[in-house]
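Peer 1: The following block contains a protein sequence and its predicted model.
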Amino acid sequence: MADMSPILIWYRRDLRLGDHPALYAAAESGRAVIPVFIHDETVEALGAAPKMRIGAGVAHLAQALEAKGSRLILRRGTALDVLQALIAETGAGAVYWTRCYDPEAVARDAEVKATLKEQGIEARSFGGHLLFEPWTVQTGTGSYYKVYSPYWKAVRGRTVETPLPAPETLCAAGAWPESDALENWQMEAAMRRGADVLRPYMVVGEHAAQERLARFIDAKVNRYAAQRDLPAVDGTSGLSENLAWGEISPHQCWHAGMRAMQDGAQGAETFLKELVWREFAYHLVHHTPQITTQCWRAEWEAFPWSTDETRDAVQRWKQGRTGMGFVDAAMREMYVTGKTHNRGRMIVASYLTKHLMADWRIGQRWFAECLIDWDPASNAMGWQWAAGCGPDAAPYFRVFNPETQLKKFDPDGAYSRAWIAEGTRTPAATALAYFDAVPKSWGLTATQGYPLRPIVSAEDGRRIALSAYENRHF
């Protein structure tokens, strides 16, 4: 007799119905499907902005499931304990989930799978968060890739699975288990007053993500290669937020980009390369999980970066008051919108680690607190790439000059004006919003003067960095 016990779908960073292999398999089985989201230790550890953002995503997922005649069960506690309790309450015979790849999630999932299998429960993990499972991409010698360019060449011609449709129906449970109320989790609490400023900039949910992809393909992808580095231009897809929380799948993005490239869109291949850059980050996290906490190039642990997060220079960097226009504009954009332009991320990271000689992990932790598109793999690799201790084929002593970068990518100053209010007769609303978003304890107002000089100039920063590199002892 076929097993018709319910299947628990354990949602994590996969907040969608379409192209969801675990959900699709459960629906195809004909068994009752009980979707669940667990506020476990990994959710509790999220920074203020990511926690607010995943809370909003969970709310939208719950609505989408209700439209299918289903429900999203919310529980708080250790993942294994919650799943075992739900199995006991519902008689579920299986738990399905989409794989995650960061070390904390891998350890959690391995324990869950092993324990449930020992107890006679089917425990299956599925792909869906990545285009290619990290262990399936190998060099000619059977090793993993350490540089992006050959990784791209290895995967660009691969067949990418066609996205799965959303299930037309989901078989409902005969009796639904009790669920927590999402509002009781207070997912926005840590954002405090910044939540009201940030909320309008979030584009939440599967439907909104699909619309965002369609608009990008229709109106932006052709100019993407030329405009993606211009921070004052709305020239990117904006999909990092939705990919981070799985409201859209990389397969859906890849096939849309491929169709655009086949139709002659000049920027489509560059878009595909950016999707693969995300893949490369997870490739490295899988093969070298220490990248999330330690220097990828182990010898760089001996480099004399400052680890003092309380020093004035670091605090001014966090506040967006370094006196370097590009750095400050990018940091302020992050507080208002929850994201910052990719070119800006490189500049602020380079300035912190090279001009201020601060440990890259200070910046990594701060971004993890402030970004609504925070991603454990991309954040870790990006910071190490900028600091020089990560997987980058370019020389480690490359130092971005914030002044020349601003002249090159924001020649008319539009980006600076959008985010820096001080000294401006009629500041932009976005620039003023920064003062409403940041902590009151910073004591900042738009009437204060902008720093007359940078805490470290472009020239001095380069000299300091190169001197430190020349004197390194490893």
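Peer 2: Everything's here; your move. Being a predicted model, the structure only gives us computed values, none of them experimental.
Peer 1: Residue 363 belongs to a strand?
Peer 2: No - Residue 363 is assigned helix when assessed by DSSP: H, G, I helix; E, B strand; the rest coil, not a strand.
Peer 1: Surely it is in contact with residue 349?
Peer 2: Yes - at 5.7 Å, residue 363 counts as touching residue 349 under the criterion of Cβ atoms under 8 Å. Bear in mind the C-beta positions are built from the backbone N, C-alpha and C, glycine included.
Peer 1: higher neighbour count, these two?
Peer 2: residue 363 (26 against 23; other Cβ atoms under 10 Å).
Peer 1: Am I right that residue 53 falls within a helix?
Peer 2: Yes - residue assignment for residue 53, taken from three-state DSSP, places it within a helix.
Peer 1: Give me the neighbour count for the nearest residue to it once chain neighbours are set aside.
Peer 2: The shortest distance from residue 53 to any non-neighbouring residue, by Cβ to Cβ, 6 or more residues apart in numbering, is to residue 372 (4.0 Å). Other residues near residue 372 number 26, with proximity taken as other Cβ under 10 Å.
Peer 1: repeat for residue 219
Peer 2: 10.
Peer 1: if we can go back for a sec, any common contacting residues for residue 363 and residue 349?
Peer 2: Shared contacts of residue 363 and residue 349, defined by Cβ atoms under 8 Å, 6 or more residues apart in numbering, comprise residue 383.
Peer 1: can you give me the strands for the stretch 1-150 of the chain?
Peer 2: 7-11, 33-39, 73-76, 94-98, 122-126 (DSSP state E, counting those that start in this stretch).
Peer 1: So what touches the third one?
Peer 2: Residues from elsewhere that reach strand 73-76, judged by Cβ under 8 Å, 6+ apart: 34-40, 58, 62, 82, 85-86, 176-182, 185.
Peer 1: How far off centre is that strand?
Peer 2: 23 Å (Cα atoms, centre = their mean, to the nearest Å).
Peer 1: Now do the contacts for residue 243.
Peer 2: By Cβ under 8 Å, 6+ apart, the neighbours of residue 243 are 250, 253, 278, 373, 375.
Peer 1: Same question for residue 61.
Peer 2: 11, 15-16, 35, 37, 72, 205-206.
Peer 1: what residue ranges in this structure score low on pLDDT?
Peer 2: Residues of the chain that meet the criterion pLDDT under 70 lie in 1-2, 393-397, 473-474.
Peer 1: Mark out where each domain of it begins and ends.
Peer 2: Domain assignment for the chain by automatic domain parsing gives 1-127, 130-159+193-287, 298-470.
Peer 1: Residue 167: which of those is closest?
Peer 2: Distance to residue 167, taken as Cβ to Cβ, is lowest for domain 1-127 among these, at 3.6 Å.
Peer 1: Report the distance from the closest one to the chain centre.
Peer 2: For domain 1-127, the distance to the chain centre is 20 Å (Cα atoms, centre = their mean).
Peer 1: With stretch 290-298 instead?
Peer 2: Centroid separation between stretch 290-298 and its chain, computed with Cα atoms, centre = their mean, is 18 Å.
Peer 1: May I have the distance across that stretch, first residue to last?
Peer 2: Stretch 290-298 has an end-to-end distance of 10 Å (Cα to Cα, to the nearest Å).
Peer 1: Just the buried positions in it, please.
Peer 2: 291-292, 294-297 (16 or more other Cβ atoms under 10 Å).
Peer 1: Export those residues to CSV and append columns for distance to residue 125 and secondary structure.
Peer 2: CSV is the format used below for those (distance: Cβ to Cβ, whole Å; DSSP: H, G, I helix; E, B strand; the rest coil):
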residue, distance to residue 125, secondary structure
291, 22, helix
292, 20, helix
294, 26, coil
295, 30, coil
296, 26, coil
297, 31, coil
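Peer 1: Any idea how many residues pack against the closest residue to residue 249 other than its chain neighbours?
Peer 2: Spatially, and ignoring its direct neighbours in sequence, residue 249 is nearest to residue 19 (4.1 Å; Cβ to Cβ, 6+ apart). Neighbour count for residue 19, taken as other Cβ under 10 Å: 23.
Peer 1: Can I have the buried ones of the contacts of strand 73-76 as a ChimeraX selection?
Peer 2: In ChimeraX, a selection of the buried entries from the contacts of strand 73-76 looks like this (16+ other Cβ under 10 Å):
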select :34,35,36,37,38,39,40,58,62,82,86,177,182,185
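Peer 1: hang on, residue 421 packs against residue 434?
Peer 2: Yes - counting by Cβ under 8 Å, residue 421 touches residue 434, with 7.1 Å between them.
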